[in-house]
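Asks: sequence and predicted structure are below.
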Amino acid sequence: MKHLNLGFIGFGLIGGSIAKSLKKRGADIRVLVYSRRKNPDLFVGVEDRIIDEIVYEIDDSFTDCDMIFLCAPVNKIIDLLPSVAKKASPNCIITDVGSVKGAVCKAAAELGLASRFIGGHPMAGSEKTGYASATDNLLENAFYLLTPSKENSPEDISLLKELVEATGATCVILDPERHDRITAAISHVPHLVAAALVNLVRKHDDEEQTMKTFAAGGFRDITRIASSSPQMWEEICMTNRDAIEDYLEEMESILREYRQVIHDNQGEQIFDAFEQAGEYRNSLPIRKKGLFPSVHELFINLDDRPGAIADVASLLSDAGISICNIGIIHNREFADGVLRVEMYNAEDKLSAALLLRTNHYELPERA
């Protein structure tokens, strides 16, 4: 890949991870970052040689950019487009990292940017935010969706695709409408359903918070995404209204059907619903590609004795395997895997699994 001058409007978790991934893999890039304020985290980025220059205005510094990444919430991306269009050269590719594409691509087209703007959506993330949380492997094995228009040249699409794949991500080309319908079904509506379920329990909990006390692993697992950023999800829902409304209407219909068959004591239909859902869910790829980053985790059966967790940590540490996260699974809906250990990458996970099994630890597989 040729030398590229990359501009980033905003440089948090996603923008920082893109740049870190590229520089780790030896890409010949120069990174220019716009920030609204003097952020100490970005000074660390300069010291780490990830950022080459920081500016506090969207000014002529961006004229030399080959690509500009808009790394902001969807509504903010739309607001930023006019300023970026004024400074970007006619040959500059403008892209974004927002999770809704139709509204952003439409706004770009209305500004006359259809031939220069290519929508982008790295399907990776974290509950953490900011450059300090960016990593050089966040995009590894994640899907990175691009939504070009008919006006984009094959050369520009190819160049951006090459850059995306240089981060370790898997690039997929979609049209904006299909993108928004897919993400509505697999991400946006599930977030709303999770929020609704949590609020249902919150509404009916008593003063002693008995429901909260008894809410175990199953409830936590299916509602984890309800803890996502309220501001971000307000913007997503408002900018992908049509697709979300369609799927919510269908979800309402399915729930009404379930309610009716329960009322009519038609247990076989509930059996069929769970059987069909289970078959489809179990067919999902084991490799975790999706709206969340790849998680390199192992579940370990341990004896209930003092020092058992410390023994595992010491074993991995002595082998030079770093632990990203570790915790006890309190979910008694599953008998196996009482300790969860997360590594930073797939290689460490494989090494840890081999080491633990060699030392007679049981590592149950969990879907």
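Replies: Good, I have the coordinates.
Asks: can you give me the strands for the stretch 51-200 of the chain?
Replies: 53-55, 67-70, 93-96, 117-122, 143-147, 170-173 (DSSP state E, counting those that start in this stretch).
Asks: a markdown table for these, including mean neighbour count and distance to Arg37?
Replies: Backbone N, C-alpha and C define where each C-beta goes, glycine included. Formatted as a markdown table, those follow (neighbours: other Cβ atoms under 10 Å; distance: least, Cβ to Cβ, whole Å):
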| stretch | mean neighbour count | distance to Arg37 |
| --- | --- | --- |
| strand 53-55 | 15 | 11 |
| strand 67-70 | 25 | 18 |
| strand 93-96 | 26 | 21 |
| strand 117-122 | 27 | 24 |
| strand 143-147 | 21 | 28 |
| strand 170-173 | 15 | 33 |
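Asks: mean pLDDT and distance to Phe219 added to these, as a markdown table?
Replies: A markdown table is the format used below for the strands of the stretch 51-200 of the chain (pLDDT from 0 to 100; distance: least, Cβ to Cβ, whole Å):
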| stretch | mean pLDDT | distance to Phe219 |
| --- | --- | --- |
| strand 53-55 | 96 | 44 |
| strand 67-70 | 98 | 37 |
| strand 93-96 | 98 | 35 |
| strand 117-122 | 97 | 30 |
| strand 143-147 | 95 | 28 |
| strand 170-173 | 94 | 32 |
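Asks: quick one: closest of these to Leu339.
Replies: strand 143-147 (30.0 Å; Cβ to Cβ).
Asks: other SSEs contacting that closest one?
Replies: strand 117-122, helix 154-165, strand 170-173, helix 176-183 (3 or more Cβ pairs under 8 Å, 6 or more residues apart in numbering; DSSP states H and E).
Asks: chain center to the helix or strand containing Phe271, what's the gap?
Replies: Using DSSP states H and E, Phe271 maps to helix 267-282. Using Cα atoms, centre = their mean, to the nearest Å, the mean C-alpha position of helix 267-282 is found 28 Å from that of the whole chain.
Asks: contact partners for the nearest residue to Thr95 once chain neighbours are set aside?
Replies: Closest residue to Thr95 apart from its sequence neighbours, by Cβ to Cβ, 6 or more residues apart in numbering: Gly120 at 4.5 Å. With contacts defined as Cβ atoms under 8 Å, 6 or more residues apart in numbering, Gly120 is in contact with Phe69, Thr95, Asp96, Val97, Tyr144, Leu145, Leu146, Thr147, Leu160, Val164.
Asks: one more pass at 6 Å, please.
Replies: By Cβ atoms under 6 Å, 6 or more residues apart in numbering, the contact set of Gly120 is Thr95, Asp96, Val97, Leu146.
Asks: where are the low-confidence patches of this structure?
Replies: 126-127, 216-217, 285-295, 329-337, 366-367 (pLDDT under 70).
Asks: select the longest helix from it.
Replies: Counting residues, the longest helix found in the chain (DSSP state H) is helix 241-263.
Asks: in this structure, which spans are helices?
Replies: 13-24, 40-47, 74-87, 102-110, 154-165, 176-183, 189-204, 210-214, 217-223, 230-239, 241-263, 267-282, 308-318, 346-358.
Asks: what sits up against the longest helix of the chain?
Replies: With Cβ under 6 Å, 6+ apart as the contact definition, helix 241-263 has outside contacts at Asp180, Arg181, Ala184, Ala185, His188, Val189, Cys237, Gln269.
Asks: got a winner among the residues you listed for most neighbours?
Replies: When neighbours are taken as other Cβ atoms under 10 Å, the top entry among these is Asp180 (26 neighbours).
Asks: could I get stretch 274-282 in CSV with only the CA atoms?
Replies: Provided in CSV are the C-alpha atoms of stretch 274-282 (Å, rounded to 0.1, in the frame of the first residue of the first chain):
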residue,chain,number,x,y,z
PHE,A,274,-37.6,-22.5,21.3
GLU,A,275,-36.5,-25.4,19.1
GLN,A,276,-36.3,-23.2,16.0
ALA,A,277,-34.6,-20.4,17.8
GLY,A,278,-32.1,-22.8,19.4
GLU,A,279,-31.2,-24.4,16.1
TYR,A,280,-30.6,-21.0,14.4
ARG,A,281,-28.8,-19.6,17.4
ASN,A,282,-26.5,-22.7,17.6
